[in-house]
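Enquirer: A predicted structure for the sequence below; I have some questions about it.
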Amino acid sequence: MASEPRLKASVLLSVAGVAVLAFGAGMVHDSPRLVVLCALAALPLLWTLWGCLERLAMLRHPKPPEPKAVLTIEQQHLVDNALALETSLEHAPIALFRIEGAGEEAAATLVKPLNGNARKLVAPGRAVEPAALYRQLAGQPGERRTMIQFDTERGVERALLAVSELVLQGRSQRLAALMPVESELEAEALNAWRQLVHVLTHEIMNSLTPVASLSRTARDMLDEVRAALPQDVAHDLVTALDAISRRADSLADFVASYRSLSNVPAARPERIHVAALFERVRALVAPAWRARGGQVQFSVEPATLELVADPGQLEQALINLLKNAFEASAGVDKAGARVSARLVRGGRLRIEVADDGPGVPLELVNHIFTPFFTTKKQGGGIGLAMVRHLVHENGGTVRYARPVGAGARFVISF
């Protein structure tokens, strides 16, 4: 703020300027236009004069400082505890919601997110229909735990929900704690299946190998003594031993295909240009689609999109999905498939594989990634299970997403 001498000088100069302009207006009173110009020129000087007088008054009669509120030790302790609790609540590793009242009719207004994870869950890019999630939360009774599922941009996700009843300021409320557990459940399921497949294939092969070996040895011994046996007995023995040998070899091949599920090598991640990856996959799968009258379309936005993953494993996952799409859409005229990659909210990379086939029935969606599960007559139930395993090995997730139109749609997120 300016000092008092400088303010006084400004006041004197402003007064002198106004006086000069007033004198000049009096001298030219016969010219109304010049009088108006003098009046307009005096306005800034008057404004400056008013401001200087106000500042002089403040300097001579300053306002006393407002006394600061002094908190007692107990009050400061309560404030610190409240701030610490608010910070802990905001960064809690679960999504917290407050539910006022009961019923599902006005769920969108009854349910309010309380912390950052809750707001992220209902923000664009996660839950497809936040109102549907709110209705589920509002419809849950108090004091219970349950597992719910809801649609997200990555597909259906499961979450553990715990609801508690409480009364705040005389109002009955419910507190809902929601913990998404889809990724954890998938990881545990994958480990369990991998261990099961490893044990089964190991035990089956241990029993199968001597059976196949003994059948071949018995067949060789039979050839040596065949001439001494009745013709019909020799024929029946040859047929039986050949059948045992063929079934043993077939079963060994079958078990070997499942052994690959439990023996996937560790991922070797490197920086991948997604467009180049798609070009390699296109070269492998496009000829079969063109031969059937369809095509596979690939798109990357932006074209410079990159990903850190094992290129061989990610290629195999995409090939398996497109092979599955090719077989599922076999009865559809000029059926095609679309593979796209783009960045979505939260900096995640999203790869979609969609086809024009009949899609997956709703009652089978929860089983399609399970090893040994298949609806094909000649299928082994390992294709989609291998896709999930390969994607998880590279730190991603794969979901079956609700298709926009006809067909099936799989979403891989990193």
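Expert: It's in. All values reported here derive from a predicted model rather than from experimental measurement. Numbers count the residues shown, from 1 in each chain.
Enquirer: grab the longest strand from this protein for me.
Expert: Scanning the chain for the longest strand, with DSSP state E as the assignment, gives strand 155-168.
Enquirer: packing partners of the strand or helix carrying residue 338?
Expert: Assessed by DSSP states H and E, residue 338 sits inside strand 337-344. Where contact means 3 or more C-beta pairs under 8 Å, 6 or more residues apart in numbering; DSSP states H and E, strand 337-344 is packed against helix 274-291, strand 296-301, helix 311-328, strand 348-355. From N, CA and C alone the C-beta is placed, and that goes for glycine too.
Enquirer: what lines up beside it in the sheet?
Expert: According to DSSP bridges, strand 337-344 has the following sheet partners: strand 296-301 (parallel), strand 348-355 (antiparallel).
Enquirer: by mean pLDDT, which helix or strand of the chain comes out lowest?
Expert: Sorting the helices and strands of the chain by mean pLDDT, DSSP states H and E puts helix 107-110 at the bottom, at a mean of 63.
Enquirer: tell me the buried residues in the helix or strand following it?
Expert: Note on helix 107-110: by DSSP H and E, the next helix or strand toward the C-terminus is strand 111-113. Of the residues in strand 111-113, those with enough neighbours to count as buried (16 or more other C-beta atoms under 10 Å) are 111, 113.
Enquirer: same deal with stretch 279-286?
Expert: Residues of stretch 279-286 classed as buried: 281-282, 285-286 (neighbour count, 16+ other C-beta under 10 Å).
Enquirer: what of stretch 318-328?
Expert: Within stretch 318-328, the residues that count as buried by 16+ other C-beta under 10 Å are 318-322, 324-326, 328.
Enquirer: nearest to residue 138, of those?
Expert: Of all those, residue 321 has the smallest distance to residue 138: 37.2 Å, by C-beta to C-beta.
Enquirer: contacting residues for the closest one?
Expert: Residues near residue 321 by C-beta atoms under 8 Å, 6 or more residues apart in numbering: 353, 384, 387, 410.
Enquirer: same check, this time on residue 315
Expert: Counting by C-beta under 8 Å, 6+ apart, residue 315 has contacts 277, 280-281.
Enquirer: show me the contacts for residue 148.
Expert: For residue 148, the contacting residues are 136, 140, 158-159, 161, 178, by C-beta under 8 Å, 6+ apart.
Enquirer: on the strand side of things, show who it bridges to.
Expert: Note on residue 148: beta-bridge partners by DSSP bridges are residue 159.
Enquirer: how close does it get to residue 277?
Expert: Residue 148 sits 36 Å away from residue 277 when distances are taken as C-beta to C-beta, to the nearest Å.
Enquirer: how about residue 89?
Expert: Taken as C-beta to C-beta, the span from residue 89 to residue 277 is 42 Å.
Enquirer: between the two, which is the more surrounded one?
Expert: A direct count of neighbours by other C-beta atoms under 10 Å for residue 89 and residue 277 places residue 277 higher, at 22 against 12.
Enquirer: I'd guessed that one sits against residue 311; true?
Expert: Yes: using C-beta atoms under 8 Å, residue 277 is in contact with residue 311, at 6.3 Å.
Enquirer: relative to residue 302, how far out is residue 365?
Expert: Going from residue 365 to residue 302 by C-beta to C-beta gives 32 Å.
Enquirer: more neighbours: which of those two?
Expert: Using other C-beta under 10 Å, the more surrounded residue of residue 365 and residue 302 is residue 365, with 17 against 11.
Enquirer: ramachandran coordinates for the nearest residue to that one once chain neighbours are set aside?
Expert: The shortest distance from residue 365 to any non-neighbouring residue, by C-beta to C-beta, 6 or more residues apart in numbering, is to residue 400 (5.4 Å). As for residue 400, its main-chain torsions (degrees, to the nearest 10) stand at phi -90, psi 120.
Enquirer: surely residue 400 and residue 359 touch.
Expert: No: Residue 400 is beyond contact range of residue 359, at 9.5 Å (criterion: C-beta under 8 Å).
Enquirer: just to revisit the earlier point, residue 54 is nearest to which of the helices and strands packed on strand 337-344?
Expert: Closest among those, using C-beta to C-beta: strand 348-355, at 58.2 Å.
Enquirer: contacts for that closest one?
Expert: Taking C-beta under 8 Å, 6+ apart as the rule, strand 348-355 contacts 153-154, 274, 305, 307, 318, 321-322, 325-326, 328-329, 335-344, 401, 403-404, 407-414.
Enquirer: please redo it, this time with the cut-off set to 7 Å
Expert: With contact meaning C-beta atoms under 7 Å, 6 or more residues apart in numbering, strand 348-355 is reached by 307, 318, 321-322, 325, 328-329, 335, 337-344, 403, 407-414.
Enquirer: what of stretch 294-304?
Expert: By C-beta under 7 Å, 6+ apart, stretch 294-304 touches 274-275, 278, 282, 285-286, 289, 322, 334-342.
Enquirer: go again with 6 Å.
Expert: Under the contact criterion C-beta atoms under 6 Å, 6 or more residues apart in numbering, stretch 294-304 has outside partners 274-275, 278, 282, 285-286, 289, 334-342.
Enquirer: and the furthest pair within these?
Expert: Farthest-apart pair in those is 274 and 334; separation 27.1 Å (C-beta to C-beta).
Enquirer: neighbour count: the two, which is higher?
Expert: Comparing residue 274 with residue 334 by other C-beta under 10 Å, the one with more neighbours is residue 274, at 22 against 11.
Enquirer: for the more buried one, give its distance to residue 156.
Expert: Residue 274 is 25 Å from residue 156, by C-beta to C-beta.
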